[in-house]
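In: 3D model of this:
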Amino acid sequence: MHGQEKRMLLRHYLGQGVSKRALARELGVSRDTIHRWIRNGELDWDLDVDPPRYAPRPPVPTKLDPYKAIIHTRLEAYPELSSVRLLDEIRAAGYPGGYTQLKRYVRKVRPRPPEVPVVRFETPPGRQAQVDFADFHLPWGKRYGLLVVLGYSRLLWLNYFPRKDMRCLIAGLEEAFAFFGGVPRELLFDQMKSVITKDERLSGNDLVRNLEFLRFANHWNFSIRACRPYRAQTKGKVERPVSYVRKNFIYGREFLNDADLSAQRERWLDRTANVRIHWTTKERPQIRFERDERALLQPLALRPYHSLLLAKPRRPAERSLNADLLVERRPLAAYAELAGGVP
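Out: Predicted coordinates for the structure are as follows:
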């Protein structure tokens, strides 16, 4: 199909006396086309006017048309009704067609619920911290990473433990509070029931109802909050720290032992995790923490939490001083003689 530019050039050069044969060769247009344009007066059209537009083709009747009202009625009542179910229903009403055209039509007319925008919100400084436990497989064994992220500044604390139990959780949180220099008002647990594994001394793993952890929270003056009841509100608020640690710290590194893991962890927190430009806040967590959040954390407890239930493992019992005494062994006849009896 030839556009306006070629017709404009053709009209211009024809006016200057250039032959039709030369124009056809130069413009790549057959001479018959040039003669037809001249004969029909197409070269005299106003070339500045938009080209003619054609009306859309009228819809072609299909076998589905008589049953579209049934489809719309059913989808209005049950928006998730499958095309297979609809096919059975309209075939029962006499539909003679196939499944493909029905599926295409249903995909086009199926009502879609309006997208609910995610309303991001930020907790004020010192208000909240998110707590996560994660499993990490290392060459010398399995270690459990405890991660605590302050909700406002995104300052991250991380450490690894040999077990995932209440004792390690309490010890880790006290270490995190010391790292922050204060205590947030509430701790947010994303996976509430997967935080603590079965503990021999405690019944139940739900921290909200766990009396030992409630005593620990009271000692440090923070409240416990589960994330699941208001997941829609927290979606997107705090980044996923476990994924961040896996990709940016664990992945591609080599660790010799627990001491090397701890040393690399401290360097990574100081030089990378807490001084990077955070994607959401557009600030460095350490600077945001020092400027806005440190002074608003609650003061540390005067002493560590002491649990009567989570006692430290007992050391091996020391050997008694009398354990090395030698006992003289005598036959029973000797004892009978000493007692005055007959040997």
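In: which intervals of this structure have sub-threshold pLDDT?
Out: 1-5, 7, 41-54, 115-121, 190-209, 227-239, 311-332, 334-343 (pLDDT under 70).
In: And the strands in it, which stretches?
Out: 128-138, 141-150, 156-161, 186-189, 223-226 (DSSP state E).
In: Looking at those strands, which is nearest to N248?
Out: strand 156-161 (10.6 Å; C-beta to C-beta). All C-beta spots, glycine's among them, are computed from the backbone N, C-alpha and C.
In: other SSEs contacting the closest one?
Out: Applying 3 or more C-beta pairs under 8 Å, 6 or more residues apart in numbering; DSSP states H and E, one finds that strand 156-161 makes contact with strand 141-150, helix 166-180, helix 241-245, helix 258-268.
In: could you redo the last one with a cut-off of 6 Å?
Out: Packing contacts for strand 156-161, counted by 3 or more C-beta pairs under 6 Å, 6 or more residues apart in numbering; DSSP states H and E, involve strand 141-150, helix 166-180.
In: what does the longest one contact?
Out: Looking back up the chat, that one is helix 166-180. 146, 148, 157, 159, 161, 183, 196, 199, 216, 300, 304, 310 (C-beta atoms under 6 Å, 6 or more residues apart in numbering).
In: And the protein, split by domain according to the record?
Out: Under the assignment automatic domain parsing, the domains of the chain span 4-44, 65-109, 128-296.
In: Could you point out which of those sits nearest P59?
Out: domain 65-109 (8.8 Å).
In: sorry, back to before: nearest to I277, out of the strands of the chain?
Out: With C-beta to C-beta as the criterion, I277 lies closest to strand 156-161 of those, at 14.1 Å.
In: Run me through the strand neighbours of that closest one, direction for each.
Out: Strand 156-161 has the following strand partners under DSSP bridges: strand 141-150 (antiparallel).
In: What distance do you get for the nearest residue to R112 once chain neighbours are set aside to A259?
Out: Distances taken as C-beta to C-beta, 6 or more residues apart in numbering put P79 closest to R112, at 7.8 Å, once the chain neighbours are dropped. Look at P79 and A259: by C-beta to C-beta, to the nearest Å, they are 59 Å apart.
In: Likewise for V60?
Out: Here V60 is placed at a distance of 76 Å from A259 (C-beta to C-beta).
In: So between those two, which is more surrounded?
Out: Counted by other C-beta atoms under 10 Å, V60 and A259 do not tie: A259 has more neighbours, with 9 against 6.
In: Hmm, P111 and the residue nearest to R112 touching each other?
Out: Yes. With contact defined as C-beta atoms under 6 Å, P79 counts as touching P111 (4.8 Å).
In: In contact with F216, which residues?
Out: F216 is in contact with 170, 305, counting by C-beta under 6 Å, 6+ apart.
In: and which of the contacts of helix 166-180 is nearest R284?
Out: Out of those, the member with the shortest distance to R284 (by C-beta to C-beta) is W157, at 15.8 Å.
In: Can you give me the separation between that closest one and Q286?
Out: Distance, W157 to Q286, by C-beta to C-beta: 12 Å.
In: Looking at the two, which has the bigger crowd around it?
Out: Neighbours per residue, other C-beta under 10 Å: of W157 and Q286, the larger number sits with W157, 23 against 18.
In: and the more buried one, what are its bridge partners?
Out: Applying DSSP bridges, one finds that W157 bridges with V148.
In: residue contacts, it?
Out: Here W157 is in contact with 148, 176, 179 (C-beta under 6 Å, 6+ apart).
In: Quick check on Y78: phi, psi?
Out: With angles defined as degrees, to the nearest 10, Y78 shows backbone torsions of phi -130, psi 90.
In: residues near it, how many?
Out: Using other C-beta under 10 Å, Y78 has 11 neighbouring residues.
In: likewise H137?
Out: Neighbourhood size, H137 [other C-beta under 10 Å]: 8.
In: and the gap between it and R225?
Out: 30 Å.
In: One more: A92?
Out: 52 Å.
In: gap between the residue nearest the centre of the chain and G252?
Out: By C-alpha atoms, centre = their mean, the chain has its centre lying nearest to R240, at 5.6 Å. Using C-beta to C-beta, one gets 19 Å for the distance from R240 to G252.
In: One more: G182?
Out: For G182 relative to G252 (C-beta to C-beta), the value is 34 Å.
In: Which among the contacts of helix 166-180 count as buried?
Out: Buried residues within the contacts of helix 166-180, counting neighbours by 16 or more other C-beta atoms under 10 Å: 146, 148, 157, 159, 161, 183, 196, 199, 216, 300, 310.
In: Tell me who's in contact with the second one.
Out: With contact taken as C-beta under 6 Å, 6+ apart, V148 is in contact with 129, 131, 157, 176.
In: Tell me which residues touch the residue nearest to the centre of the chain, please.
Out: The contact partners of R240, by C-beta under 6 Å, 6+ apart, come to none.
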